[in-house]
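Colleague: after the sequence you'll find the predicted model.
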Amino acid sequence: VWVDEVRTQVLTGMNDAAIRMHLSEGIELADLDKRYSDTGKKGYSTVKSAKMAEVQGLMDMDVMEEVSHEEVQKRGGKVISCRYVITERDHIGSGLYKARYVARGFEEKEDGNGWKNYAATAGMHSCRVLLSRAMASEVCGNEEKWSVMIGDVSQAFLYAEVKEDMDVYVEAPEEYYELRNLNVNAGKRAWKLKKALYGLRSSPMLWQCQLEKVLKDLGFLPDLQDPAVFLHEEGLMIVTHVDDFLVAGPSRRVKEVMENLKKEFKLTTQNALDGKEHTFLGRSLQWLKPGHVVFGVGETYIEESFKELKIERNSKMKRMPPWIKQKGFARVLNEEHQSRYRSMLGKMVWLDRPDIRPAVIRLGSQLGKATEDDMKNAERIWCYLFETKEQVPMIYPMRMSQMDQLEEGGCITMSDSDWAGGEAGGRRSLSGIV
């Protein structure tokens, strides 16, 4: 054991010495230690070099202005502490590290009206509309074929400028002193932020304002119903979720838009319709054939959730189970089981499967007051999900006689609901999906 301890101490000492040597010689350590994972993502072979690369990146992007702690006090400001979030690329044990310097946003001064804490996120229905329009172009001979691209902005928040009336100060990390060859004992330094840093309450809002400004310059306007969706008069559509984009439209125009976005941001792109399995907003996205695309949560999530929730499998639940009617004397669950009930329901909501939508709404109405019968119904729904886990929502073409009667620009809307309460009793119908 002591041999391993000594070896670790020696390797750590050698690594620290190498860092000091590279700094003194003006060699950029990040490039020396840079590696690429199997998926092409950049990582670093040591945590220290990942931290150094993160701070160097912040300096290169002109994120901060250096000030002393004494100056912050004179201005009546408050220095917010920060921490590093260390992750391993692709999987734990890969040996490739990424570091992100994150502010402890909970230490910020409270915002009176909360306006700076709000940022919109796209709904799943917007993603389905985008993909449906793209698939329709593949099967309609009189339309220009659409393409769909996935975009991911690296360090998105750092492109957003902090507003002039928002004086935000954060602690400078140890690596900053090393890169600038500063003496810690000569006085502590803080950063006055010029760009939004991860962890701040206002960062998502500031990034969304910056993104909206760039997209407006390209001719896009936010959708009135979903402000995280942007539309162009030429038919292009962009669904955004923080730093992830789903862009669809005529192939030539989509290519132009992606090239323009790359001029503004460090953007990586993927062709969503290349037949490979992609991930967008935690959901599997895979083109199968013209007009057919899978978009939904895969069976791995159901298997892991089923195991985590410790539900006993029922192999007969291959169809939606009948509802157990609420008994007048049903016992209310204790706090521990109420918590488990919330977890079961939350995981169902994330699945976003149309076939269980009325059941999820009905179970949700019992949050905080669920009974033993409610728990049984929730467990039965999970058994049904496990036995049908291979069923992933798909977008595909269909033909209906009513389509012949539609005027140009018209659409057919269908909805699903349980009729007058169904087997659950009562006289209220619950909507499923429109």
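Modeller: Now that the structure is in, tell me what you want to look at.
Colleague: C-alpha from now on. contacts and neighbour counts both.
Modeller: Will do.
Colleague: kindly export stretch 86-106 (C-alpha atoms) in PDB.
Modeller: In PDB, the C-alpha atoms belonging to stretch 86-106 read as follows (Å, rounded to 0.1, in the frame of the first residue of the first chain):
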ATOM      1  CA  ILE A  86     -15.000  18.200 -13.100                       C
ATOM      2  CA  THR A  87     -16.400  15.600 -15.600                       C
ATOM      3  CA  GLU A  88     -14.900  12.800 -17.500                       C
ATOM      4  CA  ARG A  89     -15.500  12.700 -21.300                       C
ATOM      5  CA  ASP A  90     -17.800  10.000 -22.600                       C
ATOM      6  CA  HIS A  91     -17.800   7.800 -19.500                       C
ATOM      7  CA  ILE A  92     -16.300   7.500 -16.000                       C
ATOM      8  CA  GLY A  93     -12.800   6.000 -16.300                       C
ATOM      9  CA  SER A  94     -12.100   7.300 -19.700                       C
ATOM     10  CA  GLY A  95      -9.100   9.300 -18.300                       C
ATOM     11  CA  LEU A  96     -10.100  12.400 -20.200                       C
ATOM     12  CA  TYR A  97     -11.200  15.300 -18.000                       C
ATOM     13  CA  LYS A  98     -13.100  18.500 -18.600                       C
ATOM     14  CA  ALA A  99     -13.300  21.400 -16.100                       C
ATOM     15  CA  ARG A 100     -15.900  24.100 -15.900                       C
ATOM     16  CA  TYR A 101     -15.500  27.100 -13.500                       C
ATOM     17  CA  VAL A 102     -18.900  27.700 -12.100                       C
ATOM     18  CA  ALA A 103     -20.200  30.500  -9.900                       C
ATOM     19  CA  ARG A 104     -22.300  29.700  -6.800                       C
ATOM     20  CA  GLY A 105     -25.300  31.600  -8.000                       C
ATOM     21  CA  PHE A 106     -27.200  31.100  -4.700                       C
END
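Colleague: that one: which residues count as buried?
Modeller: By neighbour count on 16 or more other CA atoms under 10 Å, the buried set for stretch 86-106 is 87-90, 95-105.
Colleague: so for it, what's the average pLDDT?
Modeller: For stretch 86-106, mean pLDDT rounds to 79.
Colleague: what's the answer for stretch 327-335, then?
Modeller: pLDDT averaged over stretch 327-335 gives 83.
Colleague: hmm, who's touching that stretch?
Modeller: The contact list for stretch 327-335, computed with CA atoms under 8 Å, 6 or more residues apart in numbering, reads 369, 370, 371, 372, 373.
Colleague: quick revisit: cross the buried residues of stretch 86-106 against strands and list the overlap.
Modeller: Taking DSSP state E as the definition of strands, the buried residues of stretch 86-106 contribute 87, 88, 97, 98, 99, 100, 101, 102, 103.
Colleague: looking at those, spot the one nearest residue 58.
Modeller: residue 101 (9.0 Å; CA to CA).
Colleague: that closest one: what's it in contact with?
Modeller: Residue 101 touches 51, 54, 55, 82, 83, 84, 85, 198, counting by CA under 8 Å, 6+ apart.
Colleague: ok, the residue nearest to the last one when sequence neighbours are not counted to residue 152 distance?
Modeller: Beyond its immediate neighbours in the sequence, the residue positioned closest to residue 198 (CA to CA, 6 or more residues apart in numbering) is residue 102, lying 5.0 Å away. Between residue 102 and residue 152 the distance is 19 Å, computed by CA to CA, to the nearest Å.
Colleague: for residue 242, same thing?
Modeller: Residue 242 is 9 Å from residue 152, by CA to CA.
Colleague: low pLDDT regions in the stretch 101-250 of the chain?
Modeller: Filtered on pLDDT under 70, the stretch 101-250 of the chain yields the residue ranges 110-116.
Colleague: need the strands for the stretch 151-300 of the chain, in chain order.
Modeller: 169-171, 189-193, 220-222, 229-232, 237-241, 244-250, 267-271, 278-280, 283-289, 292-296 (DSSP state E, counting those that start in this stretch).
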